[in-house]
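Peer 1: give me a model of this one.
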Amino acid sequence: MPITLSDQDKSTLRTAAYGAVSLMAAAGAAGKPRQIAADGSIALGSATGLVGHVLAEYPKGKDLGGKSVAEIADRVLPALTAAMNLLQKEDPAEADNFRSTVLVAVETARMHQDRPSPTTAEMARKITAALDTTERAAVPAAAAGQDRPELRKALEEIVDSGFVGVSLRVNDERGEWVGSAGAAELGGAAKPPTNGHVRIGSNTKTFTATLVLHLVAEGRIGLDAPAADYLPGFGLDERITVRMLLQHTSGVFNFTGEVYADGTIVPGIPIPYGTTGKEWMDNRFRTYRPQELVELALSKPARFEPGTGWSYSNTNYVLARLLIEKVTGRSYAEEMQRLILGPLGLSGTVVPDASPEIPEPHAHASYRYEEDGEQKTIDITRQNPSWISTGGDMISTTQDLHTFVSALLGGRLLPAPLLAEMCTPHPTGIPNMDYGLGVFVVRTEDGGTLISHNGAAVGHAALMYSTPDGSKTLIAALNCVDDAGLSIATAFQNAQRRLVNQVFRGGQADPAQPAD
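Peer 2: Numbers count the residues shown, from 1 in each chain. Sure, this is the predicted structure:
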């Protein structure tokens, strides 16, 4: 009899699989053989017992045999692969999400151990190999009828333009198409994972704005109330409202530096670009606290009087983070999990704060610099993102970004009036691009409108475009060799234009779009 999984079943499978892997890792790290079998039994029950569709051969209530976590993993793998196979047949996108969840659990288990664990390493190897085999076996069936040569050509051209690798996820009237091109690592042969983790840069702002607006909907924040009412300790100009923070109309100095119309540059903290590139690289594991970034910004002259102009400032969104934490009494990460990540099942999305880690699988980021007259290139994938904070620190996947933006614009996260406020364009002075609250409103030459935000994060970048109703989306993750001179910037602009053309305008010309 055919099996049909509900959305709740799929969510339960992801959660249970995460718990199963975590329990096995904990048993192995504890080094207590007598407990391993019992914990493994609980793990298998967690992975399958809550959803009877994939019980396979597991007899309820029976402890598993086995003297090592690797052996326990052998017993749990059939349940995990059964779930993967079932999801591949019913919902290939959800199978990709399930795989990502399991790999996040594996990576988290590794990160939280004081020292390398051979048992955890072997468990991770077996689980990863099994999921990879399942994914490879399912790709031809999932891709049947979805050949999009124009998209494959666009990806190859993006790689030829200077990117190391790119992965793309398109959801439109033809269904879902997923593909990748180039390499996951500079000099490597393997392609980027189609649902790998990527530092999403300023796409973080859309998540943050959604979180603030959710609290507005709960009546805990006033959109047009002075931000100083919620953050009295910073001496903020009383005319700056919460709306102005989300809209970039506050005039507050950008802590990553300002470039004025006459060419004057006023530096902020050391950043990867410009004259401070080498300094940033040498101190890329330094931790900044949000308060520190805000205090530095407020020590500088405002760019303009509140509400009288528009200027993109990361400081606005760090203030938004502090506002969220002040109002709720919980951390930004906790609120993100409570209101967005948890309800949408975004298991591949991470709020890293000051952690330099990025979960597997992921493409690698690189950085090129000059030292003693010689060009050098290093892997920059591990970096402390606290220097940008909620201006652009989050990690996600193409699947999660699609789920997020389609849910947001489809009305699942915010009441209709607040979603309308979010997408109401405010002039920026940028041709064909206005700004709402945490989103760009892009006008195409044929009179169409797209809701978008893009982000770059030193060797990683993410594109997120959607029709206003969330029914058609383009999500891309890119990895490259970055440098202080932003030599990849032109290629990034062209990549955006090329993909938007192919997905939304049938390959027609489209105006260049700013990167951030």
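Peer 1: the strands in the stretch 351-500 of the chain, which residues?
Peer 2: Secondary structure of the stretch 351-500 of the chain (DSSP state E, counting those that start in this stretch): strands located at 366-371, 374-379, 395-396, 426-430, 433-435, 440-443, 449-456, 460-466, 473-479, 481-483.
Peer 1: turn these into CSV, including distance to V242 and mean neighbour count.
Peer 2: In short, each C-beta sits where N, CA and C put it, glycine included. Supplementary listing: the strands of the stretch 351-500 of the chain in CSV, determined by distance: least, Cβ to Cβ, whole Å; neighbours: other Cβ atoms under 10 Å:
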stretch, distance to V242, mean neighbour count
strand 366-371, 36, 18
strand 374-379, 39, 11
strand 395-396, 25, 26
strand 426-430, 14, 14
strand 433-435, 15, 20
strand 440-443, 19, 21
strand 449-456, 19, 23
strand 460-466, 23, 27
strand 473-479, 28, 28
strand 481-483, 33, 22
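Peer 1: between those, which gets nearest to G162?
Peer 2: In terms of Cβ to Cβ, the element of the strands of the stretch 351-500 of the chain nearest to G162 is strand 481-483, at 8.0 Å.
Peer 1: partner strands of that closest one and their direction?
Peer 2: strand 366-371 (parallel) (DSSP bridges).
Peer 1: and the partner strand, average pLDDT?
Peer 2: Averaged over strand 366-371, pLDDT sits at 94.
Peer 1: before we move on, what about stretch 498-511?
Peer 2: For stretch 498-511, the mean confidence score works out to 71.
Peer 1: what do you get for stretch 245-264?
Peer 2: On average, the pLDDT along stretch 245-264 is 94.
Peer 1: and it, C-alpha only, in PDB?
Peer 2: Output of stretch 245-264 as PDB, limited to C-alpha atoms (Å, rounded to 0.1, in the frame of the first residue of the first chain):
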ATOM      1  CA  LEU A 245      16.600  50.500  11.700                       C
ATOM      2  CA  LEU A 246      15.000  47.800   9.500                       C
ATOM      3  CA  GLN A 247      14.700  50.200   6.600                       C
ATOM      4  CA  HIS A 248      18.200  51.700   6.700                       C
ATOM      5  CA  THR A 249      16.900  55.200   7.200                       C
ATOM      6  CA  SER A 250      18.300  55.800  10.700                       C
ATOM      7  CA  GLY A 251      21.400  57.600   9.500                       C
ATOM      8  CA  VAL A 252      23.500  55.600  12.000                       C
ATOM      9  CA  PHE A 253      27.200  55.200  11.100                       C
ATOM     10  CA  ASN A 254      28.100  51.800   9.600                       C
ATOM     11  CA  PHE A 255      30.600  50.100  11.900                       C
ATOM     12  CA  THR A 256      32.200  48.400   8.900                       C
ATOM     13  CA  GLY A 257      33.000  51.900   7.500                       C
ATOM     14  CA  GLU A 258      31.400  54.500   5.400                       C
ATOM     15  CA  VAL A 259      32.200  55.700   1.800                       C
ATOM     16  CA  TYR A 260      30.700  59.200   1.100                       C
ATOM     17  CA  ALA A 261      29.600  60.600  -2.300                       C
ATOM     18  CA  ASP A 262      32.800  62.700  -2.600                       C
ATOM     19  CA  GLY A 263      35.000  59.600  -2.100                       C
ATOM     20  CA  THR A 264      35.800  60.300   1.500                       C
END
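Peer 1: how much space between the closest residue to L293 other than its chain neighbours and L231?
Peer 2: Spatially, and ignoring its direct neighbours in sequence, L293 is nearest to F255 (4.6 Å; Cβ to Cβ, 6 or more residues apart in numbering). F255 sits at a distance of 15 Å from L231 (criterion: Cβ to Cβ, to the nearest Å).
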